[in-house]
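> Let me see the structure of the following:
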Amino acid sequence: MSNNYTYESRDGRVRTRKRAKKRKFTRSMRVWALIFFALFFCAFVFLLIRIYVLDKNDGNRYRKAALAQQSYTNAVLNFQRGAIRDCNGTTMAVSIRKYNLILEPRTLNNNDLMHITTAAALSDKFGVSRDELEKIISSKPNSMYEHVDSLKNLSEDDVDSFKKYMSENDNIDGVWFEETYSRNYPLSTVGCNIIGFMGADDQGTYGIEESYNAELNGTPGREYGYFDSDMNLKRTVKNARDGNEVILTIDAHVQQVVEQQIKWFQKKSNAGPAKHVGVMLMNPNNGEIYAMASESGFDLNNPRTLETMYKKDEIAEMSEEDKKQALMTMWSNFCIGSAYEPGSTFKPFTIAAALDENVVNESFTTDCGGVKNVSGTDIHCAVRTGHGTLDLQHILMQSCNVGLMDIVALLGKTKFYNYTRLYGFGQRTGIDLPGETSGLVHSKETLGPVELATSSFGQTQTVTMIQMMSGFCSLINGGKYYQPHLVKEIRSADGEVIEKKEPVIVKTTTSADTSAKLRKYLKATVEEGTAGPAAVEGYSVGGKTGTAEKRPVSKHKYLVSFIGAVPMEDPKVAVYVIIDEPNVADQAHSTYATEFASRIMKKVLPFLGLYAEEDKKNDNNAN
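Next comes the predicted model:
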């Protein structure tokens, strides 16, 4: 039967209606929907009540279970960078243990009393701003590892004091201390251009800190942590490996004395300091450097301040570019990074080459009239009236330019060029420091007659102090050219020797016979020749002076120098002093350098185990 039926309305139209059964069904659906909604609402209310009860009675247990699945921390453990020590064990650079305070905002946000008490304690004990702490806690509410910028590099004493305070107060929590290290230089300015300093991200800048960065740096460790079901912190630690120690050939005391003497020299003249002063001391028999210093210095613990070199009013007048350039100059190592014309200290090299090539011998003589014309150019001797007739030894003793020009003419440009390269000029020595320059020497093509003549006595070619020192040591030690170096050995953090830097003979530059002749000539140059002021009573000193006229010659600026060794019969210490533009009216006198070299040797030789003859006699008598 159909659910619909028809009927005639009052207006005569036929209409259709649903039967009453359908209306009953619709009312039934509404009732069931109301019942279902009521049941759903009751279930929802029941669940809310149940959650409330569970949270109240067992919430802590469930939170522990949830936290047990979460990582607590994943922190890097810093290594201790290796120390730098001198040859006697004196510490020149060391990393000191410090601490960074770590805040746990999530821990503090779970307990209002703990939050307030901990913040108050940190503010009271460390002087940190409450606003700084609250900003961290509120901005990272769920974090368990947050640094506080003002609470980094804390001392061990301050940290121990706070830990003790924490242990006495149960309401202080959510704080712990991460171990880190801060680089410190106990001798401050001593050896600054050798040591270098630390830049960002554990990277050394300049000096040994840079060239031995890989050795000094260790390997960081890592700490992992999580809560177990009892809310106990469980940690897994992979320890860091500390860096190796670097032991230098430098004697810190000798280095300090040399630096003090340079300061004395720069202040002793009323006219003002020289443009540059450089001093090196080296062992001729193994390439070890005992001291290396210049007038440039800075505080290793505060390397970015110019106040160690400039007055405040001078700094105030500098532009930012001027300041950057001043810092670069201050940090650079003059002894390896600056090139200059050496002058007459180059003459021993020319004479050695001529002797080895047999173009001259000890009976060789020259007649110096004070000037020599080379390809139409008059080149003068220091003594304009001339030296007269000189043999080979006296050519060196009297520093005769004409004699050197005669010798190099016999040697020829090809052999002279080859020996110049053999002695190490025009190329880096490979010293274990960054920033070494190579200087500039003539190529065979550009070595014309005039250039050959002037190069023979140290003009028109540039060298560095480390080149001169290394080459000179080979001339006086029998011909062995040792690799110059500043590192003696590498040790582990436990003191075990990992690598011993044995002397490296790079090449042979001259014969033993020529070396012996040069030692004799150089000793006579100090005892009877132009280097007389370099003598030190009680010591057998030999050496050569240099007076190089700088370009342009119209300005009459000079670089004066002395290079020598002690004792000359069997050299143990080589010394090299240069004074670039001494601040005096008449600069063209090597006496400034020879007297200064004598003063330095007198002070440092005993510390290097070399004693005057009178002192030796007294020691023997005492025994």
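
> the helices in the stretch 251-400 of the chain, which residues?
Counting by DSSP state H, counting those that start in this stretch, the stretch 251-400 of the chain has helices at residues 252-268, 312-316, 320-331, 334-337, 347-356, 392-397.

> As CSV, these with mean neighbour count and mean pLDDT would be great.
All C-beta spots, glycine's among them, are computed from the backbone N, C-alpha and C. Shown next, in CSV, are the helices of the stretch 251-400 of the chain (neighbours: other Cβ atoms under 10 Å; pLDDT from 0 to 100):
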stretch, mean neighbour count, mean pLDDT
helix 252-268, 18, 96
helix 312-316, 10, 93
helix 320-331, 13, 94
helix 334-337, 23, 98
helix 347-356, 25, 98
helix 392-397, 23, 98
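
> To Asp112, which of those helices lies closest?
Nearest of the helices of the stretch 251-400 of the chain to Asp112, taken as Cβ to Cβ: helix 320-331 at 49.9 Å.

> Centre of the chain to that closest one, how far?
16 Å (Cα atoms, centre = their mean, to the nearest Å).

> For that helix, which outside residues touch it?
193, 205-206, 296-298, 303-304, 306, 308-310, 315, 318 (Cβ atoms under 8 Å, 6 or more residues apart in numbering).

> Against Gln483, how distant is Thr249?
Applying Cβ to Cβ, to the nearest Å, the value for Thr249 to Gln483 is 12 Å.

> In terms of neighbours, single out the busier of these two.
Thr249 (23 against 17; other Cβ atoms under 10 Å).

> what's near enough to touch that one?
Cys87, Asn283, Glu288, Ile289, Tyr290, His485, Leu486, Val487, Lys488.

> quick one: contacts for the last one?
Contacts for Lys488 (Cβ under 8 Å, 6+ apart) come out as Cys87, Ile247, Leu248, Thr249, Glu288, Lys500, Lys501.

> and it, helix, strand or coil?
Of the three states, Lys488 takes strand under DSSP: H, G, I helix; E, B strand; the rest coil.

> what residue ranges in the stretch 51-200 of the chain score low on pLDDT?
51-74 (pLDDT under 70).

> longest strand of the protein?
Under DSSP state E, the strand in the chain containing the largest number of residues is strand 91-103.

> before we move on, the earlier item: could you flag which of the contacts of Lys488 are buried?
Cys87, Ile247, Leu248, Thr249, Glu288, Lys501 (16 or more other Cβ atoms under 10 Å).

> per-residue confidence for the second one?
Reading off the per-residue confidence, Ile247 sits at a pLDDT of 98.

> For the helix or strand hosting it, give me every contacting residue.
Counting by DSSP states H and E, the element that carries Ile247 is strand 245-248. By Cβ under 8 Å, 6+ apart, the list of residues contacting strand 245-248 from outside reads 82-87, 92, 194, 208, 212, 215-216, 486-493, 495.

> if you set the cut-off to 7 Å instead, what comes out?
With contact meaning Cβ atoms under 7 Å, 6 or more residues apart in numbering, strand 245-248 is reached by 82-87, 208, 212, 215-216, 486-491.

> Stretch 205-217 too?
So stretch 205-217 is contacted by 81-82, 84, 93, 193-199, 202-204, 243-244, 246, 331, 432-435, 486-487, 490 (Cβ under 7 Å, 6+ apart).

> Can you turn the buried part of the contacts of strand 245-248 into a ChimeraX selection?
A single ChimeraX command selects the buried members of the contacts of strand 245-248 (16+ other Cβ under 10 Å):
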select :82,83,84,85,86,87,208,212,215,216,486,487,488,489,490,491
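
> nearest to Gly403, of the contacts of strand 245-248?
Leu486 (37.0 Å).

> Do I have it right that the closest one meets Gly196?
No - here Leu486 lies out of contact with Gly196, judged by Cβ atoms under 7 Å, at a distance of 11.2 Å.

> circling back to that earlier point, okay, the helices of the stretch 251-400 of the chain in JSON lines with distance to Met468 next?
Compiled in JSON lines, the helices of the stretch 251-400 of the chain are given as follows (distance: least, Cβ to Cβ, whole Å):
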{"stretch": "helix 252-268", "distance to Met468": "17"}
{"stretch": "helix 312-316", "distance to Met468": "32"}
{"stretch": "helix 320-331", "distance to Met468": "21"}
{"stretch": "helix 334-337", "distance to Met468": "10"}
{"stretch": "helix 347-356", "distance to Met468": "9"}
{"stretch": "helix 392-397", "distance to Met468": "16"}
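
> The longest strand of the chain: what's the following helix or strand?
Following strand 91-103 in sequence, per DSSP H and E, is helix 105-109.

> Residue nearest the middle of the chain, spatially speaking?
For the chain, the residue nearest the mean C-alpha position is Gly196 (2.5 Å; Cα atoms, centre = their mean).

> can you give me phi and psi for the residue nearest to it when sequence neighbours are not counted?
Nearest non-adjacent residue to Gly196, counting by Cβ to Cβ, 6 or more residues apart in numbering: Gly207, 2.5 Å away. Phi and psi for Gly207, reported as degrees, to the nearest 10, are phi 60, psi -160.

> Pull up the gap between Gly207 and Glu436, please.
Per Cβ to Cβ, Gly207 is found 12 Å from Glu436.

> that older thread, between the contacts of Thr249, which is closest to Ser474?
For those, the nearest to Ser474 is Asn283 (12.6 Å; Cβ to Cβ).

> quick one: contacts for the closest one?
Tyr290, Val573.

> how close does it sit to Phe40?
95 Å.

> hang on, Pro484 packs against Gly471?
No - contact status for Pro484 versus Gly471: not in contact, 10.1 Å apart, counting by Cβ under 7 Å.

> more crowded one of these two?
Neighbour count, other Cβ under 10 Å: between Pro484 and Gly471, Pro484 has more, with 29 against 24.

> Of all the residues in whichever strand or helix holds His115, which ones are buried?
His115 belongs to helix 112-126 when elements are defined using DSSP H and E. Residues of helix 112-126 classed as buried under the neighbour-count rule (16+ other Cβ under 10 Å) are Met114, His115, Thr117, Thr118, Ala119, Ala121, Leu122, Phe126.

> can I get these in a markdown table with distance to Gly424?
A markdown table is the format used below for the buried residues of helix 112-126 (distance: Cβ to Cβ, whole Å):
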| residue | distance to Gly424 |
| --- | --- |
| Met114 | 69 |
| His115 | 69 |
| Thr117 | 69 |
| Thr118 | 65 |
| Ala119 | 65 |
| Ala121 | 64 |
| Leu122 | 60 |
| Phe126 | 56 |
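
> Now flag whichever of those is closest to Ile407.
For those, the nearest to Ile407 is Phe126 (74.0 Å; Cβ to Cβ).

> quick one on the thing from earlier: starting from the strand holding Ile247, tell me which strands it pairs with and how they run.
strand 84-85 (parallel), strand 487-491 (antiparallel) (DSSP bridges).

> How about the contacts made by the closest residue to His589 other than its chain neighbours?
Ranked by Cβ to Cβ, 6+ apart and with sequence neighbours excluded, the top spatial neighbour of His589 is Val560, at 6.6 Å. Val560 sits next to Gly546, Thr547, Ile579, Pro582, His589, Ser590, Tyr592, Ala593 when contact means Cβ under 7 Å, 6+ apart.

> Thought Gly343 was touching the first one, still the case?
Same thing as Gly546. Yes - look at Gly546 against Gly343 with Cβ under 7 Å: they come within range, at 3.5 Å.

> Mutual contacts of those two, please.
Residues within reach of Gly546 and of Gly343 at once, by Cβ under 7 Å, 6+ apart, are Gly458, Ser561.

> and Arg222, what is it in contact with?
With Cβ under 7 Å, 6+ apart, Arg222 has these contacts: Val76, Leu77, Lys238.

> Might you list the low-confidence residue ranges for the stretch 301-450 of the chain?
For the stretch 301-450 of the chain (pLDDT under 70), the answer is none.
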